[in-house]
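In: Sequence first, then the predicted structure:
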Amino acid sequence: MIRLGLLITKRYRLLSVAAILDVFESANIFHEQQNKSPFFEITLFSSDDQPGEFNDLYTIQPIRDAVQQNLILIPAFGPGDLQVSLAKNQLCIPWLKEQYANGAEIASFCTGAFLLAMAGLLNGKEATTHIDAALTFASNFPEVIMKSDAVVTDDKGIYTSGGATSSFHLMLYLIQRYCGKEITLRTAKMFAIDMDREQQTYFGTFTPLQNHGDGLVNMAQQKIETAYQEGRTIEELIQDIPASRRNVVRRFKQAIGLTPIEYLQKTRIEAAKKLLEQTDQSVLEVMLNSGYNDLKSFRQLFKKSTGVTPKEYRDKFNISRIDGMRNNRMSKRMPQNI
């Protein structure tokens, strides 16, 4: 039997813990239905001295009393300042490092990867996290090989997943590794999980850091954000900044983790995404209104940034089209008047 330890971190996301328990308990049930022993011995752990119970079903054990685990799962953190969440969970780090050194595999879900990175367990390894937290992650942990578009990563016994529903793909990945394809398929069907998602890039939203404390960089950001539609080069946009271009680029990269040209591209692509979501403008109109003037180049940059073409993005996320499809499905279900 596989010893599976679920770390109940401080400020965890309840949905993440509930999903993990539901999926791995289901895998156990499927195996028991075949008159076999459960795959996983599931134990919940906490850094508290007297942790208590979880949902009246599990007694949470202190990590100081934990035996060696085969697999440890770290749930996503809930909303709020990630730095505060990490500070509250520092007592878990020595335990995670010891468990890994003694042979345990460790998987983090969504923003749970930040705890693995703070422990140094991701240094030199590939990792992913919620797409909207990837830039912050990369800035804080430069020794980690960030794969922001990846749904799941697997590197030397350390696993990570992207955000939200990507967590289910990592659970399926682990179940297939430990339980085989048959149980994996039954689990996927039970939870209605599409097993063929290969990237999460198109779910991202560009929300750049603003409170970094560098007034010159804030000035450059404002100029880019107010004039990105004009189609000017980055040199033209920041020419009035009272500093050399080299100094602006250096401070920009240091404060935000991007160069000014990368920031401009992301600002324009984000504007294009909103137009594709909220309007019926043609792809040509979207291109012009987001600051580009070459259709082929725009399509290439858009696909590189999101993983899909502008048309494919519109098909997935355009609000009026989604509402139309929903209304059409509803009308087909309504009884017809005779």
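Out: That came through fine.
In: What average pLDDT does stretch 31-47 get?
Out: Across stretch 31-47, pLDDT averages out at 91.
In: I meant to write stretch 253-267 there.
Out: 92.
In: start to end distance for it?
Out: In stretch 253-267, first residue to last residue: 15 Å (C-alpha to C-alpha, to the nearest Å).
In: Run the chain-centre distance for that stretch.
Out: 20 Å (C-alpha atoms, centre = their mean, to the nearest Å).
In: Check stretch 217-235 too.
Out: With C-alpha atoms, centre = their mean, you get 28 Å for stretch 217-235.
In: Pull out the buried residues from it.
Out: With burial defined by 16 or more other C-beta atoms under 10 Å, the residues of stretch 217-235 counted as buried are V217, M219, A220, Q221, K223, I224, A227, Y228, R232, I234. Any C-beta I mention is one placed from the backbone N, CA and C, and that applies to glycine too.
In: cool, stretch 109-127 as well?
Out: 109-119, 121-122, 125-127.
In: among those residues, which are in helices?
Out: Here DSSP state H is the test, and these give A113, F114, L115, L116, A117, M118 as lying in helices.
In: got the buried residues of stretch 217-235 as TSV, with secondary structure, distance to E32 and pLDDT columns?
Out: Converted to TSV, these look like this (DSSP: H, G, I helix; E, B strand; the rest coil; distance: C-beta to C-beta, whole Å; pLDDT from 0 to 100):
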residue	secondary structure	distance to E32	pLDDT
V217	helix	58	93
M219	helix	63	93
A220	helix	60	93
Q221	helix	56	94
K223	helix	63	92
I224	helix	58	94
A227	helix	63	92
Y228	helix	57	93
R232	coil	65	86
I234	helix	61	91
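In: Which members of these are the farthest-apart pair?
Out: V217 and R232 (18.9 Å; C-beta to C-beta).
In: Residues in contact with stretch 281-295: which ones?
Out: 228-231, 264, 268-269, 271-272, 275-276, 279, 298-299, 301, 310-311 (C-beta atoms under 8 Å, 6 or more residues apart in numbering).
In: And it, end to end?
Out: Span of stretch 281-295 from end to end, C-alpha to C-alpha: 14 Å.
In: With stretch 146-156 instead?
Out: For stretch 146-156, the end-to-end distance is 15 Å (C-alpha to C-alpha).
In: So which bits of it are buried?
Out: M146, K147, S148, D149, A150, V151, V152, T153, D154.
In: Dead centre of this protein: give me the residue that sits there.
Out: Residue closest to the mean C-alpha point of the chain, counted by C-alpha atoms, centre = their mean, is H130 at 1.5 Å.
In: got the contact list for the nearest residue to that residue once chain neighbours are set aside?
Out: Nearest non-adjacent residue to H130, counting by C-beta to C-beta, 6 or more residues apart in numbering: G163, 3.2 Å away. The neighbourhood of G163, defined by C-beta under 8 Å, 6+ apart, consists of A76, C110, T111, T129, H130, I131, D132, A133, Q200, F203.
In: And those, which is closest to A101?
Out: T129 (23.3 Å).
In: per-residue confidence at that closest one?
Out: Reported pLDDT for T129: 95.
In: any idea how far the nearest residue to it once chain neighbours are set aside is from M146?
Out: The shortest distance from T129 to any non-neighbouring residue, by C-beta to C-beta, 6+ apart, is to A113 (4.3 Å). Per C-beta to C-beta, to the nearest Å, A113 is found 9 Å from M146.
In: Which neighbours do those two have in common?
Out: Going by C-beta under 8 Å, 6+ apart, residues that sit against A113 and also against M146 are A127, T128, F137.
In: And the residues you listed, which is closest to N35?
Out: T128 (38.0 Å).
In: roughly how far apart are the spatially closest residue to that closest one that is not a sequence neighbour and I193?
Out: Computed as C-beta to C-beta, 6+ apart, the closest residue to T128 that is not its neighbour in sequence is A150, at 4.1 Å. A150 is 17 Å from I193, where distance means C-beta to C-beta.
In: what does Y100 give?
Out: In terms of C-beta to C-beta, Y100 sits 28 Å off from I193.
In: My read is that L91 contacts S47, right?
Out: Yes: with contact defined as C-beta atoms under 8 Å, L91 counts as touching S47 (4.0 Å).
In: thinking again about what came up before, between Y100 and I193, point out the one with more neighbours.
Out: Y100 (19 against 16; other C-beta atoms under 10 Å).
In: Check which helices and strands the host helix or strand of that one is in contact with.
Out: Y100 is part of helix 92-101, with elements assigned from DSSP states H and E. The helices and strands touching helix 92-101, judged by 3 or more C-beta pairs under 8 Å, 6 or more residues apart in numbering; DSSP states H and E, are strand 2-7, strand 71-74, strand 105-108, helix 113-118.
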